[in-house]
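J.: Build me a model:
(2 chains)
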Amino acid sequence: MESIGVEEKGLNLEATELRLGLPGRDKIEKEIISSFNKNKRAAPKSAEDDGSEAKADTKHRDHEAAPAAKAQVIGWPPIRSYRKNNFAPKKAEAEYGNYVKVSMDGAPYLRKIDLKVYTGYKDLLQALENMFKLSIGVYSEREGYKGSEHAPTYEDKDGDWMLVGDVPWDMFMSSCKRLRIMKGSEARGLGCAV
Amino acid sequence: MSEAQAQMSEDDADLAAAAGGASIRTAVVTTGGDYSSPYPDQVLENVLENVLIFLTSRRDRNAVSLVCKSWYRAEALTRSEIYIGNCYSVSPRRAAERFRRVRSVVLKGKPRFADFSLMPPDWGAHFAPWVIEMAEAYRGLEKLYLKRMNVTDDDLAVMARSFGNFRELVLVCCEGFGTAGLAVVASKCRQLRVFDLIEAEVSDDDEVDWLSCFPESGTCLESLIFDCVEFPINFDALENLVARSRSLKKLRVNRFVNLEQLHRLMILAPQLTDLGTGSFSPQDHPIDQEPDLVSAFTACRSLVSLSGFRETVPDYLPAVYPVCANITSLNFSYANITADELKPVIRNCHKLQIFWVLDSVRDEGLQAVAATCKDLRELRVFPIDATEDNVGPVSDVGLQAISEGCKKLESILYFCQQMTNAAVISMSNNCPDLVVFRLCIIGRYRPDHSTGEPMDEGFGAIVKNCKKLTRLAVSGLLTDKAFSYIGQYGKLVRTLSFAFAGDSDLGLKYVLEGCSKLEKLEIRDCPFGDSALRSGLHHYHNMRFLWMSTCRVTRQGCREIAQQIPRVIVEVFRWNQILEEGEKSDLVDTLYLYRSLEGPRADAPKFVNIL
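T.: Modelled structure (predicted):
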């Protein structure tokens, strides 16, 4: 059984015991883990207390939140982070909001907004008007956005550019990848689509 | 080791040059200007140069350069590919002064543990000083392979405009650049044949449509790999690019290319030998009827390598059946599929040599692999769920099956929650050709789950029986005994990886004293201290690096090492900024030690102390 440093050759015989059932080593593991995390020649009896602090330290640097019973350690197991994240990216979106980039033709830089914050198209368009100091016009199914130089468009999951407002709000929320406020002749062209 | 000695002998050459020793070109002039009697050694050197052109192995070339000064010079002039395993071991200037006619450069930066967040960001490994030097010295540069380097868009721009004949760019695990950099390379490197981004972190801040930047009239592209790019691309541009790249053989797209789009690409490029399939999942609202993937795959008669499957829907897997019989490499490591979904595919893959898979296929899936893939050389089994648990989907059962079915195995990376010595011993006996053995038992300090014993005997058998072993990574419950086996039998081992293992300093001592060919040693969370560190003093100048994090080495111990060996840089850093109140520890968080011809680097960030 491993010992903590040369001074502490205390054999933990439990761990090498022959067992028929599944090894239940969480408690011992936690002690070892915590003392290594603290990098001290710690006496075992203080390890328990230090353990919870060590876990808290390493926790907020980790990618995943660990279940309380098992300590998550940085960089363990040795898998690159994009592999670890590959099976959990959708969860992140649910918690942290639905941010999409917004660009406007002619503007020097982009903005980012959280679609979740808006209750519907009216709310969203109002926010865009305020953000970019422009007016967008009135939406109609036949003619797109009448009465202004600008038309709000978005890129959907398939990579196609669509006019904002054509689909139900919920469908828009889930399929919108980014927004672009078109200007001038391009904008007018959208309204006259077949 | 010859590499170190080759570097040492370079100093002799420097001294000779300083003392007015003649180079080949000036030899004739200094012997009184009588051109009819050339300096006698020049003939030999010319002959040698002509012969040395055929020598490609860098280890052979290092040996050649040690024979004498004249051979050293001849070798330096004929070496066309330089390999720099640690970008800080030599300065760009020094490398360029020794090797003047280089067409291909391999440059590696950070150590591997940087991949697992064990190295703080901004540590270094900047490509900038290298590209600036090469822009002057190697105008004829054709190939660049960078691994774990920090590469900026500006660096790529310098590269793109400096090398007129540039042909191959491979960036592995690099970061620091974005679409703007890619665009410059695409547009300026008109001779580009290979453009590979492998496990690189590419930023999308600039949002440049880099795929549109390739030459309009047609490209020489043979390989285009960007499966690691984590943002959408302009598909129309990609389709257009594939259509006008008639030499394209390898194409690995990212997960933002769906099944319908993949189909369109395959129709355009049936000559592909290597295909990365992107998401392998249909678009959300399919408009047309399903594309005929089976025909598309059937048309790819030369396909030998398949990967991608990033968001695969198992229903579409049967489309790959037509190519199974021919493929030698299959990467399913992003495909969350069951054993039953794997079996119909794998049972046709008789020629498979390289197989990467997720443990979602379970031991049963691995048994199916063992039953069919008799020619398997490399296996990697990755975990879907990386948390420590008592039981996992793959175990000793899967490993045992593989060892019995795939006797030609040379390389294995196996993640599991539990293992037995018996299965590992079995593999050591059945697979004598093993060169790389990396077993990662995710549960730390796990003993053999059937006997309760440490995993010493299993790993001991591997080093004893696998006579060709050069790379080993250990895990599970291990005592100093395991390390004594490694030191005793691991005479060819060059790379070792230890984590959460060992009892005392003895463990590391056994290894440092026994493994005479050791070049790379990475250790984390092991109880090894200063005494163990000292036992490697005789060997560190033969190694590329030693990494020890969260062990028991003290600052004083590291300082002693730094003082006692010349030409070895000892970096010590604090990563863990959260300390307890009033705690003063002499223990270092991380020690990174590497041999170098240069002094301490000038670009070290604040948290790095060079002793």
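
J.: what about the helices in chain A?
T.: Taking DSSP state H as the criterion, chain A contains helices spanning A:13-16, A:26-38, A:44-59, A:81-86, A:89-96, A:121-132, A:169-175, A:184-191.

J.: and these, which one's lowest on average pLDDT?
T.: Sorting the helices of chain A by mean pLDDT places helix A:44-59 lowest, at a mean of 38.

J.: A:Leu115 touches A:Ser174, doesn't it?
T.: No. Using C-beta atoms under 8 Å as the test, A:Leu115 is too far from A:Ser174 to be in contact (9.4 Å). Any C-beta I mention is one placed from the backbone N, CA and C, and that applies to glycine too.

J.: can you pull the alpha-carbon coordinates of stretch B:362-369 into CSV?
T.: Provided in CSV are the C-alpha atoms of stretch B:362-369 (Å, rounded to 0.1, in the frame of the first residue of the first chain):
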residue,chain,number,x,y,z
ARG,B,362,-17.9,-2.4,-24.1
ASP,B,363,-15.9,-5.6,-23.7
GLU,B,364,-18.2,-7.3,-26.1
GLY,B,365,-17.3,-4.8,-28.9
LEU,B,366,-13.6,-5.4,-28.2
GLN,B,367,-14.2,-9.1,-28.5
ALA,B,368,-15.7,-8.6,-31.9
VAL,B,369,-12.6,-6.6,-32.9
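
J.: who's in contact with it?
T.: B:338-339, B:342-343, B:346-347, B:355, B:357, B:361, B:376, B:379, B:381, B:393-395, B:397-399, B:401-402, B:405-406 (C-beta atoms under 8 Å, 6 or more residues apart in numbering or on different chains).

J.: Please pick the buried ones from these.
T.: Neighbour counting with 16 or more other C-beta atoms under 10 Å in any protein chain shown marks B:339, B:342-343, B:346, B:355, B:357, B:361, B:376, B:379, B:381, B:393-395, B:397-399, B:401-402, B:405-406 as buried within these.

J.: out of those, which are inside helices?
T.: Taking DSSP H, the ones among these that sit in helices are B:339, B:342-343, B:346, B:397-399, B:401-402, B:405.

J.: Once you drop chain neighbours, what's closest to B:Lys108?
T.: Spatial nearest neighbour of B:Lys108, excluding adjacent residues (C-beta to C-beta, 6 or more residues apart in numbering or on different chains): B:Lys147 at 4.4 Å.

J.: Pretty sure B:Cys174 is one of the things that neighbour touches, is it not?
T.: Yes. B:Lys147 lies in contact with B:Cys174 (C-beta under 8 Å); the separation is 7.3 Å.

J.: the strands in the stretch 401-550 of chain B, which residues?
T.: For the stretch 401-550 of chain B, strands defined by DSSP state E, counting those that start in this stretch occupy the ranges B:411-416, B:436-441, B:471-473, B:495-499, B:520-524, B:545-549.

J.: Direction included, what does the fifth one pair up with?
T.: Read it as strand B:520-524. Strand B:520-524 has the following strand partners under DSSP bridges: strand B:495-499 (parallel), strand B:545-549 (parallel).

J.: what are the C-alpha coordinates of it, in PDB please?
T.: Extracted C-alpha coordinates of strand B:520-524, given in PDB (Å, rounded to 0.1, in the frame of the first residue of the first chain):
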ATOM      1  CA  LYS B 520      11.300  11.600 -21.600                       C
ATOM      2  CA  LEU B 521       9.900  11.200 -18.100                       C
ATOM      3  CA  GLU B 522       6.700  12.700 -17.000                       C
ATOM      4  CA  ILE B 523       5.500  12.200 -13.400                       C
ATOM      5  CA  ARG B 524       2.600  13.600 -11.500                       C
END
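
J.: chain center to that strand, what's the gap?
T.: 15 Å (C-alpha atoms, centre = their mean, to the nearest Å).

J.: next one: the third one
T.: Centre-to-centre, strand B:471-473 and its host chain are 14 Å apart (C-alpha atoms, centre = their mean).

J.: Kindly report the same for the first one.
T.: Relative to its parent chain, strand B:411-416 has a centroid offset of 16 Å by C-alpha atoms, centre = their mean.

J.: That strand and chain A, are they touching?
T.: Yes. Judged by C-beta under 8 Å from any C-beta of the partner chain, strand B:411-416 comes into contact with chain A through B:Phe415.

J.: Where does B:Leu211 sit: helix, strand or coil?
T.: Put simply, B:Leu211 is helix when judged by DSSP: H, G, I helix; E, B strand; the rest coil.

J.: Now do it against B:Leu238, distance only.
T.: Between B:Leu211 and B:Leu238 the computed distance is 5 Å (C-beta to C-beta, to the nearest Å).

J.: can you check B:Cys220 too?
T.: 17 Å.

J.: So if I had to pick from the two, which one is more boxed in?
T.: B:Leu238 (23 against 16; other C-beta atoms under 10 Å in any protein chain shown).

J.: got the buried residues for the helix or strand where that one lies?
T.: Per DSSP states H and E, B:Leu238 falls inside helix B:235-243. For helix B:235-243, the neighbour count (16+ other C-beta under 10 Å) marks B:235, B:238-242 as buried.

J.: So in terms of bridging, what pairs with B:Ile198?
T.: B:Val172.

J.: give me the number of residues near it?
T.: If you count neighbours by other C-beta under 10 Å, B:Ile198 ends up with 15.

J.: and what of the one 10 residues further on?
T.: Summarising burial for B:Val208: neighbours were counted as other C-beta under 10 Å, giving 18.

J.: is it true that it touches B:Phe177?
T.: No. If you go by C-beta under 8 Å, B:Val208 and B:Phe177 don't touch, sitting 11.3 Å apart.

J.: Closest one to chain A out of the buried residues of helix B:235-243, please.
T.: Of all the buried residues of helix B:235-243, chain A sits closest to B:Phe235, with 5.8 Å by C-beta to the nearest C-beta.

J.: for the nearest residue to B:Leu265 once chain neighbours are set aside, what are its contacts?
T.: Of all residues not flanking B:Leu265 in the chain, B:Val242 sits nearest, at 5.4 Å (C-beta to C-beta, 6+ apart). Taking C-beta under 8 Å, 6+ apart, we find B:Val242 in contact with B:248, B:251, B:265, B:268-269.

J.: With B:Val257 instead?
T.: B:233, B:235, B:238, B:265, B:278-279.

J.: what separates the residue nearest to B:Leu265 from B:Pro215, distance-wise?
T.: 14 Å.

J.: same check, this time on A:Met131
T.: A:Met131 is 39 Å from B:Pro215, by C-beta to C-beta.

J.: Comparing those two, which shows the higher neighbour count?
T.: B:Pro215 (18 against 14).

J.: Helix, strand or coil: sort out the more buried one for me.
T.: coil.

J.: Surely it and B:Cys189 touch.
T.: No. Applying C-beta under 8 Å, one finds B:Pro215 not in contact with B:Cys189, separated by 9.3 Å.

J.: Sounds good, over and out.
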